[in-house]
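Novice: pasting the structure only:
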């Protein structure tokens, strides 16, 4: 797999001046700042620096290309009766998503352990996949299934090439570039598939029973951390 690394630092927080208090573990004995008397709150807030975060440039965050040969399984929401479905990954990346959240850390102050709330950057990893699919009755003769499979593979190869080119030539964040690549990938797959299957003798008999196309899936790999 190829990994493209970002040119930014992943910081939980930083401040505009040195923090005057030692950061300590909270074993349940730290008091939340907002639970202290107002005069003490003001004194501590005046002593502590302003916290802020370093956020990544959306167009330069890290991502990892996923092999199209690796297993791709969609979650089964409802079993298909007497229907066979084939899925094929055309293009995919693993990429982090970010959000700003409120975090708390404890510091040793003249008034004991105190928990301060500050903005922090949270990350969640996801896998974005453009995939081709084909559904057909499972009672079809094997030679017909073989014809369909051959056209499906041919169309998938053509669509993969289009998806790769669209992603790498596109602009925006990795997530935006994957989404923008979907329309051209759909067109490449469908046109190639139809051009192939119309030459099959069985196609006019089964064409209304075969569903095919390209779709997009986003799978959460981790919770926010």
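Specialist: Looks like it came in fine. Predicted, not measured: the structure shown is a model, and the values here were computed from it.

Novice: only C-alpha atoms for contact and neighbour calcs from this point on.
Specialist: Fine.

Novice: where does this structure have its least confident helix or strand?
Specialist: Lowest on mean pLDDT, DSSP states H and E among the helices and strands of the chain sits strand 3-4, with a mean of 42.

Novice: so what's the closest residue to residue 152 other than its chain neighbours up against?
Specialist: The shortest distance from residue 152 to any non-neighbouring residue, by CA to CA, 6 or more residues apart in numbering, is to residue 193 (6.2 Å). Shown in contact with residue 193 (CA atoms under 8 Å, 6 or more residues apart in numbering): 151, 152, 154, 155.

Novice: Need the per-residue pLDDT for the third one.
Specialist: The reference is to residue 154. At residue 154, the pLDDT value in this model is 98.

Novice: what's the spacing between it and residue 108?
Specialist: Applying CA to CA, to the nearest Å, the value for residue 154 to residue 108 is 65 Å.

Novice: what do you get for the second one?
Specialist: Taken as CA to CA, the spacing of residue 152 relative to residue 108 amounts to 64 Å.

Novice: List the buried residues in stretch 32-42.
Specialist: 32, 33, 41 (16 or more other CA atoms under 10 Å).

Novice: Contacts made by it with the rest, please.
Specialist: 114, 115, 116.

Novice: Which members of the residues you listed are classed as buried?
Specialist: 114, 115, 116.

Novice: doesn't residue 106 make contact with residue 26?
Specialist: Yes. Between residue 26 and residue 106 a contact is recorded at 5.9 Å, counting by CA atoms under 8 Å.

Novice: Compare these two and say which one has the larger neighbour count.
Specialist: Using other CA atoms under 10 Å, the more surrounded residue of residue 26 and residue 106 is residue 106, with 23 against 15.

Novice: For the more buried one, which non-adjacent residue is spatially closest?
Specialist: Residue 106 sits nearest to residue 115 (CA to CA, 6+ apart), 4.2 Å away.

Novice: Next, the contact list for the residue nearest in space to the middle of the chain, please.
Specialist: Taking CA atoms, centre = their mean, the centroid of the chain lies closest to residue 126, which sits 3.0 Å from it. Applying CA under 8 Å, 6+ apart, we find residue 126 in contact with 94, 95, 96, 97, 218, 219, 220, 221, 222.

Novice: What values do phi and psi take at the fourth one?
Specialist: For residue 97, the backbone dihedrals (degrees, to the nearest 10) come out as phi -110, psi 150.

Novice: Look at the closest residue in space to it that isn't next to it in sequence and report its pLDDT.
Specialist: Nearest non-adjacent residue to residue 97, counting by CA to CA, 6+ apart: residue 124, 5.2 Å away. In this model, residue 124 is scored at 94, pLDDT.

Novice: again with residue 76
Specialist: At residue 76, pLDDT is 67.

Novice: ditto for the one 10 residues further on
Specialist: Listed pLDDT for residue 86 reads 93.

Novice: quick one on the thing from earlier: filter the contacts of residue 126 down to the buried ones, ChimeraX style.
Specialist: Burial among those is assessed by 16+ other CA under 10 Å; the matching ChimeraX selection reads:
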select :94,95,96
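
Novice: Sketch out the low-pLDDT regions of this structure for me.
Specialist: 1-16, 76-80 (pLDDT under 70).
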